[in-house]
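Q: Pasting a predicted model and its sequence here:
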Amino acid sequence: MPINLPNLITVLRLFAVPIVIWTILAGYPQAAFWIFLAAGISDGIDGYLARRWNQRTELGAYLDAIADKALLVSIFITLAIVQLIPVWLAIAVVSRDLMIVGAVILSWLMDHPVTIKPLYISKLNTVAQIGFAAAALGLVGFGLQGAEWLLIGGYVTGILTVLSALAYLAAWMRHMGEPRSTV
C-alpha cells in the first residue's frame, strides 16, 4: 500500500476533522479557525507534493476525496448547528456530497465504475466552501464585522454547490449511458 508524504498529510487532515468539530461545539471558534485553515492549506500542499514528486496514487486520490468531504460536510453541519451559517446551505453541501458518493456506489454495484476525477467547477466549489467556512469561523473567532459579506458568500457558495452537483450529475449520466467495457 503506497503510503507516502502526500498521503500522510491527507490522513492528518482526516484527524483534524473531529478536533475542528469539538472546538466549534466547545465554543473555541478562533482555535477552530486556525485548525480548519491548516487543514485547508494541507489540501493544496498534499496535491502539490504528489504532483511535484510524481507520487500520485489511487489510494491518495480516494483519501483526498474522503478527507475533503469529511472536513467540509462536518464543518458545514456543525456551523449550522451552532447557527453560524444558514441551515439550507448545510443541506445543499451535504446533499451534493451524498449524491456524488451514492452515484459512485451505484456505478460500482452496476459493474460500470466511474473514474474519480474532479471537475473544474467542483474545485472552484471546494475553494468557495473552504473560504466561506473559514470566513464564518474567522468573523466569530476574532469578533470581526462583516455579516453582510458572509451572507453574500453563503449565496455564492450555495450557487457553486448546486452547479457542481448538476455538473457531476450530467457527467455521471453520460458515463452510465456509455456502453460498458468488456475487457
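A: Ah, there it is. Numbers count the residues shown, from 1 in each chain.
Q: in the helix or strand harbouring Ile100, what's buried?
A: Assigned by DSSP states H and E, Ile100 falls within helix 87-109. Neighbour counts over helix 87-109 (16 or more other Cβ atoms under 10 Å) mark 89-90, 92-94, 96-97, 100, 103-104, 107 as buried. Yep, even glycine has a C-beta here, placed from its N, CA and C like the rest.
Q: Which single one of the residues you listed is nearest to Leu12?
A: Comparing those against Leu12 with Cβ to Cβ places Asp97 closest, at 20.9 Å.
Q: ok, and what's touching stretch 165-180?
A: 95-96, 99-100, 103, 107, 110-112, 114, 119, 121-122 (Cβ atoms under 8 Å, 6 or more residues apart in numbering).
Q: just stretch 69-80 next, same as before
A: 13-14, 16-17, 20-21, 24-25, 36, 39-40, 85-87, 89-90, 93-94, 97, 101, 126, 129-130, 133, 136-137.
Q: Just the CA coordinates for it, please, in CSV.
A: Extracted C-alpha coordinates of stretch 69-80, given in CSV (Å, rounded to 0.1, in the frame of the first residue of the first chain):
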residue,chain,number,x,y,z
LYS,A,69,-15.8,15.5,2.1
ALA,A,70,-15.3,14.6,5.8
LEU,A,71,-13.9,18.0,6.6
LEU,A,72,-16.4,20.1,4.7
VAL,A,73,-19.5,18.1,5.4
SER,A,74,-18.7,18.0,9.1
ILE,A,75,-17.9,21.7,9.4
PHE,A,76,-21.0,22.8,7.5
ILE,A,77,-23.2,20.6,9.7
THR,A,78,-21.5,21.9,12.8
LEU,A,79,-21.7,25.6,11.7
ALA,A,80,-25.4,25.1,11.0
